[in-house]
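# need coordinates for the below:
(one chain, ligands or ions: 1)
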Amino acid sequence: MHKLLLALVAALIVAAVVLFVFNRKSIAPDKAPGEIANNASPKPVSEPLPINEAKAVDLTYSFDESTIYWPTAKPFTWEKEAWGKSAGGYWYTAARYAASEHGGTHLDAPVHFGEGKAAMDELSLQRLIAPAVVVDVRKACEQDSDYRVTPDDLMAWEKDYGKIPEGALVLAHTGWGQFWPDKKRYLGTDKAGDVANLHFPGFSRAAAEWLVSQRKIDAVGIDTPSIDHGPTKDFIVHQVLNGANVYALENVAHLERVPPTGAMIIALPMKIKGGTGGPVRIIALLP
Ligand SMILES: [Zn+2]
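Numbering: from 1, shown residues only. The predicted model follows:
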């Protein structure tokens with residue numbers, strides 16, 4: 001009985017925090033530049049941010065020449081345009097970068113496999129800030145590098161932590177992050193253009209259909225190159241989820257640092273107008 005009471009109090013506290021976070025972003029009034037609300041005075045710069053940095057985890061890989069892209073995609077390039085003392089005597093640096101949309105830690109917009117669905121610039125902030133559900137399938141993936149997350153895996157999570165909340169981001173933790181950035185281990189192949197030898201875990205069609213029909217989620221994510229497992233030929237998981245306007249996060253880093261439940265994820269992608277995907281900075285705010 002005592003334990004039950006404690007659990008109830010804990011649940012109330014979590015609910016209060018979530019409500020507080022969502023209220024803050026939804027009621028923030030639009031202000032003209034420079035305008036300050038009457039009741040708010042400007043804060044001194046030294047005051048700590050409302051976000052506790054000790055509880056913020058970066059789930060993003062850096063972009064460089066070793067960043068893993070799909071074997072058929074153009075890799076990330078970054079070239080210096082100016083680097084050093086300028087003619088005027090001051091320090092000046094600038095570079096240019098180029099990359100395919102779908103590589104490194106990135107977001108798949110629903111339009112990627114869903115005709116007429118949302119593009120990168122059409123994803124609301126409400127959808128990009130979501131409670132995390134982390135499903136640990138590391139043991140199964142150790143046995144089978146082509147493993148697909150099943151509805152049973154999701155239901156087992158619910159047995160331990162309760163129903164997957166509305167608007168959740170469901171993340172599969174396969175353990176594949178340990179292989180990054182070794183293409184041979186992480187993708188199954190290190191040859192450009194080779195899509196015949198891809199091996200890594202993903203979601204199953206049945207799990208995707210269950211999430212879409214039985215739960216109301218905003219997104220899925222995974223610590224492998226794709227939410228479809230390596231050998232797929234039809235990308236059916238992309239078809240089902242993107243088709244239901246669900247977006248996806250791929251090559252998510254450091255999932256071992258996020259608990260099964262209680263974390264909030266902030267995933268802010270590059271706002272490419274009409275984009276089908278692109279680089280995303282993902283932060284987990286731990287409970
Ligand atoms: Zn993608």
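# flag every residue of the stretch 51-200 of the chain that's near the ion.
Within the stretch 51-200 of the chain, the positions near the ion by CB under 5 Å from the ion are 102, 108. Yep, even glycine has a C-beta here, placed from its N, CA and C like the rest.
# please name the nearest non-neighbouring residue to the residue in the chain that the ion sits nearest to.
Nearest residue of the chain to the ion: residue 102, at 3.5 Å (CB to the ion). What sits nearest to residue 102 in space, not counting adjacent residues and going by CB to CB, 6 or more residues apart in numbering, is residue 277, at 4.8 Å.
# need the contact list for that neighbour.
Neighbour list for residue 277: 101-102, 106-109, 112, 120, 269 [criterion: CB atoms under 8 Å, 6 or more residues apart in numbering].
# circling back: does the residue of the chain closest to the ion touch residue 113 like I think?
No: counting by CB atoms under 8 Å, residue 102 does not reach residue 113; the two are 11.3 Å apart.
# tell me which residue is most central in the protein.
Centroid check for the chain by CA atoms, centre = their mean gives residue 249 as the closest residue, at 3.9 Å.
# what pairs with whatever helix or strand that residue lives in, and is each one parallel or antiparallel?
If you go by DSSP states H and E, residue 249 is part of strand 247-250. Strand 247-250 sits in its sheet next to strand 106-108 (antiparallel), strand 217-222 (parallel), going by DSSP bridges.
# now for the ones you listed, which one comes closest to residue 86?
Residue 86 lies closest, by CB to CB, to one member of these: strand 106-108, at 34.1 Å.
# who's in contact with that closest one?
With CB under 8 Å, 6+ apart, strand 106-108 has contacts from 102, 120, 123, 227, 238, 242, 247-251, 267, 269, 276-280.
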